[in-house]
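Student: task: produce atomic coordinates for the following.
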Amino acid sequence: MNFPSNDTIVALATAQGPGAISVIRLSGPEAISLTNKVFRGKDLEKQASHTLHFGTIREGERLIDEVLVSLFVAPHSYTKENVVEISCHGSEYIVAEIIKLFLREGARLAEAGEFTKRAFLNGQMDLAQAEAVADLISSNSRMSHEVAMKQMRGGFSQEIKNLRAQLVHFASMIELELDFAEEDVEFADRSALRKLIAEIQKLLRHLLQSFELGNVLKNGVPTVIVGKPNAGKSTLLNVLLNEEKAIVSDIPGTTRDFIEDEVSIEGIRFRFIDTAGLRETEDKVEALGVERTRQKVEEAALVIYLFDINSTTPQELQQEITDLKTSGKPVILVANKIDADQNQLQQFDQLENLVGISASQKLHIPELKNAIVSQVKTANLQDRSQTIVTNLRHVASLEKTYAALDDVLHGLDLGISSELVASDIRRALHALGEITGEITTDDLLENIFSKFCIGK
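Tutor: Residues are numbered from 1 along each chain as shown. Alright, predicted model coming up:
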């Protein structure tokens with residue numbers, strides 16, 4: 001996605017389709033002058049940055065639309081270039097006519113993510129912040145929004161820069177030793193270097209461990225609802241989603257495959273998955289569904305085991321719990337159909353993580369939701385000041401950094417030359433630099449920004 005730095009790009013910045021208004025964005029050295037050619041109102045080239053101007057867009061004498069033009073004069077803009085945003089009526093025809101007009105005037109269509117890429121290349125933000133822009137756009141819960149917002153504002157980047165600055169100091173000292181190799185002197189305190197590496201690796205472990213949580217916050221908590229046939233799993237799914245998503249029937253084995261949908265509970269996105277009932281069966285189709293249920297349990301972050309309180313004994317339930325615990329996943333036990341006889345619940349009082357509900361009557365559903373949320377509210381999630389890694393590319397770079405620092409420690413143990421120690425530190429610095437974009441390649445940028453929407 002290479003482009004000359006002296007061209008001007010244009011794209012629709014709002015979603016495709018008709019609406020009340022649409023916003024067309026231009027960026028580049030001629031963004032204001034090109035707009036001024038087709039705008040009837042004030043002379044835009046004489047106006048201050050961050051001002052709004054009402055007027056019309058015309059091609060010659062042909063009126064296309066009445067618009068509101070927002071001016072952002074370089075370097076005080078998203079891209080650090082001249083930027084114009086035109087708010088027009090949300091007609092697809094009007095949008096197309098305005099964009100075609102700018103193309104005829106000399107602008108070109110922006111590529112995916114090109115506005116944000118220009119912001120990165122012009123030093124407005126680093127690469128981790130640019131990636132957080134995409135995460136912010138796709139955030140669909142309070143928690144994923146908070147994590148993306150913190151990263152976009154530089155929280156994660158600052159931690160990486162701090163780590164890098166400390167390593168740079170020792171790298172420079174060791175590089176200095178190479179200039180005085182014949183004198184056999186040491187400018188870098190090896191014991192202090194060991195201590196620093198230990199501290200950095202501790203922080204790297206924390207960041208790497210946070211990815212499991214970050215991935216969940218970004219993509220939703222995969223939560224599988226399992227149990228025997230006719231326990232009420234489909235009814236529970238419908239209640240949690242507040243819609244008739246799954247077919248409900250008194251006939252056991254109605255659900256042959258899995259049904260999946262998402263909902264936000266207390267700002268956390270959950271992906272609930274209704275599965276086929278767990279039982280031995282000679283029905284080949286149902287047996288395939290049961291096997292997929294077991295696969296979904298392996299992939300889940302949380303398991304809800306639903307059972308009919310009126311037809312399940314504590315002994316049967318204990319066996320099911322034992323089988324589920326082999327998956328190593330947290331399990332919430334949900335006793336369903338307590339509306340028939342709530343006294344039945346007493347025989348299961350000794351069990352942990354037990355919630356009694358009636359899915360059909362929507363009884364105690366808020367208590368169940370509280371139990372579900374409490375399972376994922378870890379210390380990291382509660383402490384909003386903690387940095388949470390959500391990007392697999394960042395994980396790969398952090399792992400490379402950790403491995404390079406391991407090599408530094410191993411080299412110090414063996415007493416290897418300063419040149420080799422310096423080489424391993426440079427590898428660690430390179431890996432950290434890949435996260436923020438201090439070290440980058442065209443292929444990497446192409447891969448990142450091609451995933452953005454057009455106009456961002």
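
Student: list the helices and strands the helix or strand where E175 lies packs on?
Tutor: Here E175 sits within helix 155-179, counting by DSSP states H and E. With contacts defined as 3 or more C-beta pairs under 8 Å, 6 or more residues apart in numbering; DSSP states H and E, helix 155-179 has these neighbours: helix 127-138, helix 190-219, helix 418-436. (Glycine included, C-beta is placed from N, CA and C.)

Student: in stretch 80-97, which residues are buried?
Tutor: Residues of stretch 80-97 classed as buried by neighbour count (16 or more other C-beta atoms under 10 Å): 80-90, 94-95, 97.

Student: from T51, how far out is L34?
Tutor: 18 Å (C-beta to C-beta, to the nearest Å).

Student: of those two, who's got more company?
Tutor: L34 (22 against 13; other C-beta atoms under 10 Å).

Student: chain neighbours aside, what residue packs nearest to that one?
Tutor: E105 (5.0 Å; C-beta to C-beta, 6 or more residues apart in numbering).

Student: rewinding a little: just want the angle from the helix holding E175 to helix 190-219.
Tutor: 150 degrees (axes from the mean of the first three to the mean of the last three C-alpha atoms, to 10 degrees).

Student: about what we covered before: which stretch among the helices and strands packed on helix 155-179 comes nearest E111?
Tutor: helix 127-138 (14.5 Å; C-beta to C-beta).

Student: same for that closest one, what does it pack against?
Tutor: Secondary-structure packing of helix 127-138 (3+ C-beta pairs under 8 Å, 6+ apart): helix 114-121, helix 142-152, helix 155-179, helix 418-436, helix 442-449.

Student: let's see it at 10 Å
Tutor: helix 114-121, helix 142-152, helix 155-179, helix 190-219, helix 392-414, helix 418-436, helix 442-449 (3 or more C-beta pairs under 10 Å, 6 or more residues apart in numbering; DSSP states H and E).

Student: could the ones you listed be laid out in a markdown table, adding mean neighbour count, distance to A132 and mean pLDDT?
Tutor: Listed next are the helices and strands packed on helix 127-138 as a markdown table, based on neighbours: other C-beta atoms under 10 Å; distance: least, C-beta to C-beta, whole Å; pLDDT from 0 to 100:
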| stretch | mean neighbour count | distance to A132 | mean pLDDT |
| --- | --- | --- | --- |
| helix 114-121 | 23 | 10 | 93 |
| helix 142-152 | 20 | 4 | 81 |
| helix 155-179 | 17 | 8 | 79 |
| helix 190-219 | 17 | 11 | 83 |
| helix 392-414 | 17 | 10 | 91 |
| helix 418-436 | 20 | 12 | 87 |
| helix 442-449 | 15 | 11 | 82 |
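
Student: among the ones you listed, which comes closest to F72?
Tutor: Among those, helix 114-121 sits nearest to F72 (C-beta to C-beta), with 11.6 Å.

Student: and the angle from that closest one to helix 127-138?
Tutor: Going by the same axes, to 10 degrees, helix 114-121 makes 150 degrees with helix 127-138.

Student: off-centre distance for the helix or strand where I99 lies?
Tutor: Taking DSSP H and E as the definition, one finds I99 inside helix 92-105. With C-alpha atoms, centre = their mean, to the nearest Å as the basis, helix 92-105 stands 34 Å off its chain's centre.

Student: for the helix holding E175, what is the distance to the chain centroid?
Tutor: The mean C-alpha position of helix 155-179 is separated from the chain mean by 29 Å, C-alpha atoms, centre = their mean.

Student: what does stretch 40-50 give?
Tutor: On C-alpha atoms, centre = their mean, the centre of stretch 40-50 falls 38 Å from that of its chain.

Student: do the same with stretch 190-205
Tutor: Put simply, stretch 190-205 sits 29 Å off its chain's centre (C-alpha atoms, centre = their mean).

Student: how about stretch 103-110?
Tutor: 33 Å.

Student: from one end of that stretch to the other, what's the distance?
Tutor: 11 Å (C-alpha to C-alpha, to the nearest Å).

Student: give me the low-pLDDT residue ranges for the protein?
Tutor: 1-5, 177-188, 244-258, 276-294, 296, 377-386 (pLDDT under 70).

Student: how is it partitioned into domains?
Tutor: The chain breaks down by automatic domain parsing into domains covering 9-125, 132-215+391-437, 221-382.

Student: could you dump the ones you listed to a markdown table with distance to G455?
Tutor: Conversion of the domains of the chain to a markdown table gives the following (distance: least, C-beta to C-beta, whole Å):
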| stretch | distance to G455 |
| --- | --- |
| domain 9-125 | 4 |
| domain 132-215+391-437 | 11 |
| domain 221-382 | 25 |
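
Student: of those domains, which is nearest E446?
Tutor: Nearest of those (C-beta to C-beta): domain 9-125, 9.4 Å.

Student: for the longest strand along the chain, the distance to its chain's centre please.
Tutor: Counting residues, the longest strand found in the chain (DSSP state E) is strand 62-72. Chain-centre distance of strand 62-72: 35 Å, with C-alpha atoms, centre = their mean.

Student: after it, which helix or strand is next?
Tutor: In N-to-C order, the element after strand 62-72 by DSSP H and E is strand 83-90.

Student: between that following strand and helix 114-121, how many degrees?
Tutor: Strand 83-90 and helix 114-121 are oriented at 160 degrees to each other (the same axes, to 10 degrees).

Student: which helices and strands does strand 83-90 pack with?
Tutor: Partner elements for strand 83-90 (3+ C-beta pairs under 10 Å, 6+ apart): strand 9-12, strand 19-27, helix 31-38, strand 51-59, strand 62-72, helix 92-105.

Student: redo these as a markdown table? Include distance to D189.
Tutor: Below are the helices and strands packed on strand 83-90 laid out as a markdown table (distance: least, C-beta to C-beta, whole Å):
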| stretch | distance to D189 |
| --- | --- |
| strand 9-12 | 51 |
| strand 19-27 | 49 |
| helix 31-38 | 53 |
| strand 51-59 | 56 |
| strand 62-72 | 49 |
| helix 92-105 | 60 |
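
Student: A128 is nearest to which of these?
Tutor: The closest of the helices and strands packed on strand 83-90 to A128 is strand 19-27. By C-beta to C-beta, the value is 21.7 Å.

Student: for the closest one, packing partners?
Tutor: Under the contact criterion of 3+ C-beta pairs under 10 Å, 6+ apart, strand 19-27 touches strand 9-12, helix 31-38, strand 62-72, strand 83-90, helix 92-105, helix 114-121.

Student: tell me which of these lies nearest to N343.
Tutor: Nearest of those (C-beta to C-beta): strand 83-90, 59.6 Å.

Student: how far out from the middle of the chain is the closest one?
Tutor: Strand 83-90 sits 29 Å away from the centroid of its parent chain (C-alpha atoms, centre = their mean).

Student: what are the pairing partners of that strand, and which direction each?
Tutor: In the sheet, strand 83-90 lines up against strand 19-27 (antiparallel), strand 62-72 (antiparallel) (DSSP bridges).

Student: so A132 makes contact with S144?
Tutor: No - using C-beta atoms under 10 Å, A132 is not in contact with S144; the gap is 11.0 Å.
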